[in-house]
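In: sequence below, structure please.
(2 chains, ligands or ions: 1)
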Amino acid sequence: MSFITRGFSGRSRERDDRLPPGQTLVHDFPVLSAGPTPDVDTADWEFTIRTESGEHRWSWDEFMALDIEDVSTDIHCVTHWSKLGTSWRGVSLDTLFADVETEQEYVMAHSYGGYTTNIPLDELLDGKAWIAFEFDGEPLDPEHGGPARLLVPALYFWKSAKWVRGLEMMDQDEPGFWEQNGYHLHGDPWKEERYW
Amino acid sequence: MQHLDGNSLAGPLAEFFAFDVTTARARCNGCGEVAELARAMVYRSDAGAVVRCGSCGQVLATLVESEDRAWIGFSGVSTIEVRRAPASS
Ligand SMILES: [Zn+2]
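Out: Below is the predicted model of the structure:
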């Protein structure tokens, strides 16, 4: 027993404790995509939050006039790579939800191109999620989800929907695209919630 | 994002189907097109493969693989036609 304990603590000393189980550090930024890269002009871009009582809508210019935050965070992909201390700029979902009244507790994120992913609302609020439009000081590249993507660093990165165009409130948690097709409904990297 | 054609599915799916999926024809339940899977567009990423209809782009099928399991979804296919070996006479 003491042998096992010593083995485990020895390993955890060598390992960066910002790295969830089963993850490896990378320094590039691999691209995951379920389809062609949508070509979305900021002149046509809009972002909506749809609730049981109606719709809130922002154009690109309205969106850029909101409070913009600098975000430094670790990101973890379900395919076993993590990147530490990535830097982003975006609008907090707390800002976007400031005037939104809803009793519904679950969110489906919708993207240009048709991708969807589900997230409980309480995991998007209190400084936990952003709509990001800059990565590493540059406008977000279309391959990485530009003009804007959801950023939810506490969950595996497939939840950080690229090319996001809106959030739809739901009464119940329902699976999005990858969640219907094998990936975990929730996706917490610290619990290794990778697959069904 | 580059895509491959449906022939790239032959290897990954050979493990799961007793017939050659690439020559099977499938009906897209988006546009109704009936086409060999070889003619579909396949987007491959580390997360999985997404097979899209060659005519309308709708998702026909998905393939997700972990170390010990695989998930094959046919969310956009209504029917698959499989060719039988000719009966011997
Ligand atoms: Zn079609």
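In: which bits of chain B sit near the ion?
Out: B:28, B:30-31, B:33, B:53, B:55-56, B:58 (Cβ under 5 Å from the ion). C-beta coordinates here come from the backbone N, C-alpha and C atoms, glycine included.
In: out of those, who's the most crowded?
Out: Neighbour counts for the residues of chain B next to the ion, by other Cβ atoms under 10 Å in any protein chain shown, peak at residue B:53, which reaches 24 neighbours.
In: distance check, residue A:80 against residue A:19.
Out: 11 Å (Cβ to Cβ, to the nearest Å).
In: over to residue B:29?
Out: From residue B:29 to residue A:19 the distance is 42 Å (Cβ to Cβ).
In: same thing with residue B:21?
Out: Distance from residue B:21 to residue A:19, by Cβ to Cβ: 38 Å.
In: the more surrounded of these two?
Out: Set residue B:21 next to residue A:19 and count neighbours by other Cβ under 10 Å: residue B:21 wins out with 23 against 15.
In: you'd agree that one is up against residue B:37?
Out: Yes - under the criterion of Cβ atoms under 8 Å, residue B:21 makes contact with residue B:37 at 5.5 Å.
In: what residues do these two have in common as contacts?
Out: The overlap between the contact sets of residue B:21 and residue B:37 (Cβ atoms under 8 Å, 6 or more residues apart in numbering or on different chains) consists of residue B:9.
In: tell me the residues of chain A that contact chain B?
Out: A:30-37, A:77-79, A:114, A:143, A:158, A:177-178, A:180-183, A:194-196 (Cβ under 8 Å from any Cβ of the partner chain).
In: taking those residues, please make a PyMOL selection of just the buried ones.
Out: The buried residues among these can be selected in PyMOL (16 or more other Cβ atoms under 10 Å in any protein chain shown) with this line:
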select buried, chain A and resi 32+33+34+35+37+77+78+79+158+177+178+180+181+182+183+194+195
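In: of all residues in chain A, which one is closest to chain B?
Out: With Cβ to the nearest Cβ as the measure, residue A:182 is the residue of chain A nearest to chain B, at 3.2 Å.
In: so residue A:30 sits against residue A:78, correct?
Out: No - using Cβ under 8 Å, residue A:30 is not in contact with residue A:78; the gap is 11.4 Å.
In: which parts of chain A are helices?
Out: In chain A, the helices defined using DSSP state H lie at A:2-14, A:60-64, A:93-96, A:177-180.
In: scratch that, chain B is what I was asking about
Out: Listed in chain order, the helices of chain B (DSSP H) span B:10-14.
In: residue contacts, the most centrally placed residue in it?
Out: Central residue of chain B (Cα atoms, centre = their mean): residue B:37, 5.1 Å from the mean position. Contact partners of residue B:37, counting by Cβ under 8 Å, 6+ apart, are B:6, B:9, B:21-26, B:51, B:60.
In: could you report the neighbour count for residue 65?
Out: Using chain A. The local packing of residue A:65 (other Cβ under 10 Å) involves 11 other residues.
In: meant chain B, my bad for not saying
Out: 16.
In: tell me how far it lies from chain A.
Out: Separation of residue B:65 from chain A (Cβ to the nearest Cβ, to the nearest Å) stands at 8 Å.
In: what sits against that residue?
Out: B:12, B:48, B:71.
In: who's the closest residue to the second one other than its chain neighbours bridged to?
Out: Closest residue to residue B:48 apart from its sequence neighbours, by Cβ to Cβ, 6 or more residues apart in numbering or on different chains: residue B:64 at 3.9 Å. Beta-bridge partners of residue B:64, counted by DSSP bridges, are residue B:71.
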